[in-house]
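Novice: Kindly return the folded structure for what I paste below:
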Amino acid sequence: MASDDVASSAKAKYLQIADDLAAQIKSGTLAPGAAVPSEAELMQRYGVASGTVRKAIAELRTSQLIETHHGRGSFVRSRPPVQRKSSDRFRRAHRNAGKAAYLAEAEVSGGVPSVTVLFVGPTEAPPEIAERLDVPAGAQVLARKRRYFRDGVPTEEATSYLPWDVVKDIPEVFAENPGGGGIYARLEEHGHVLAEFVETVRARLATKPETAALALSPGSPVIHLVRDALTAAGRVVEVCDTVMAADQFVLDYRFAARD
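Specialist: Residues are numbered from 1 along each chain as shown. Next comes the predicted model:
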């Protein structure tokens, strides 16, 4: 058999395996959260080599039907995406009701939200953050790093950077829990009224640390979102650098038509 025919046959085989498993997932034969048959089981069932099975599993990961956890195997995905509404999630009404943005959006999704604070304290501003804050590179800023969960599963990791002169007299923002409404509520209570948010969004593959932090399958995509929070005077009082599991979020924007 010619080499091209061999390659074509191998591709057809792994796609057949992927299609069979996808049909089982969609029919409910493999239920949400269920373990996908092991590599050895699939090799025996289909009479193929391990490389063919791995390609089939990779195809299912790309289709976001399964997720793979190192040392545990592959499982049928069971979590619907959270819908992030940028036109709504930063409404002052949420802050006045004591809800930070993440809690407000996660409640809409029907999941149970939780947050782990990884770090709060002074740090040197990275160059790209310093530029956004309009402070010298390496200037002291306050960093707040958190990992967010829905139903106990990590979905995003975010680090907020705030100018030191803005926060040094706001003791609540140095606490792990800054109080109802989050840091934006505390900023506004101290006269830094927020007027605008500017977000830069891009998609890319997760780094190894991000894969571990968010319990992602190898090669998973993430959404990298960087947000500036501006006051009415035009000053950036926070830059939030966020990495999100791409399959967990829908970015939903609404903005006015302009001349």
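Novice: Just to check, residue 133 is in contact with residue 142?
Specialist: No: Residue 133 is not in contact with residue 142 according to Cβ atoms under 8 Å; the separation is 10.8 Å. Any C-beta I mention is one placed from the backbone N, CA and C, and that applies to glycine too.
Novice: Check whether residue 141 sits in a helix, strand or coil.
Specialist: strand (DSSP: H, G, I helix; E, B strand; the rest coil).
Novice: Residue 228 too?
Specialist: Quick answer, by three-state DSSP: residue 228 is strand.
Novice: confidence score at it?
Specialist: pLDDT for residue 228: 97.
Novice: what about it, neighbour count?
Specialist: Neighbourhood size, residue 228 [other Cβ atoms under 10 Å]: 17.
Novice: tell me which residues form a beta bridge with it?
Specialist: residue 198, residue 239 (DSSP bridges).
Novice: what's near enough to touch it?
Specialist: Contacts for residue 228 were tallied using Cβ atoms under 8 Å, 6 or more residues apart in numbering; they are 132, 197, 198, 199, 236, 238, 239.
Novice: shared neighbours, residue 133 and residue 142?
Specialist: 161, 163.
Novice: all strands in this structure, in order from the N-terminus.
Specialist: For the chain, the strands defined by DSSP state E occupy 66-69, 73-76, 82-85, 113-124, 140-150, 153-163, 194-205, 221-231, 236-245, 249-252.
Novice: Who are the packing partners of the fifth one?
Specialist: The reference is to strand 140-150. Packing contacts for strand 140-150, counted by 3 or more Cβ pairs under 8 Å, 6 or more residues apart in numbering; DSSP states H and E, involve helix 101-109, strand 113-124, helix 127-133, strand 153-163, helix 164-167.
Novice: one more time with 10 Å, if that's ok
Specialist: helix 101-109, strand 113-124, helix 127-133, strand 153-163, helix 164-167, helix 182-189, strand 236-245 (3 or more Cβ pairs under 10 Å, 6 or more residues apart in numbering; DSSP states H and E).
Novice: now do the fourth one
Specialist: In this structure, strand 113-124 packs against helix 101-109, strand 140-150, strand 153-163, with contacts taken as 3+ Cβ pairs under 10 Å, 6+ apart.
Novice: Out of the contacts of residue 228, which comes closest to residue 177?
Specialist: Distance to residue 177 across these (Cβ to Cβ) is lowest for residue 238, with 17.1 Å.
Novice: what's near enough to touch the closest one?
Specialist: By Cβ atoms under 10 Å, 6 or more residues apart in numbering, residue 238 lies in contact with 132-133, 141-142, 144, 160-163, 166-167, 173, 183-184, 187, 192, 194, 197, 227-230.
Novice: Swap in 7 Å and give it another go.
Specialist: Contact analysis of residue 238 by Cβ atoms under 7 Å, 6 or more residues apart in numbering lists 160, 161, 162, 183, 229.
Novice: Are any of these buried, and if so which?
Specialist: Neighbour counting over the contacts of residue 238 (16 or more other Cβ atoms under 10 Å) leaves 160, 161, 162, 183, 229 as the buried ones.
Novice: just these now: which is nearest residue 252?
Specialist: For the buried ones among the contacts of residue 238, the minimum distance to residue 252 (Cβ to Cβ) is 19.3 Å, reached by residue 229.
Novice: From residue 179, how far out is the closest residue to that closest one other than its chain neighbours?
Specialist: Nearest non-adjacent residue to residue 229, counting by Cβ to Cβ, 6 or more residues apart in numbering: residue 238, 4.2 Å away. Separation of residue 238 from residue 179 (Cβ to Cβ, to the nearest Å) stands at 16 Å.
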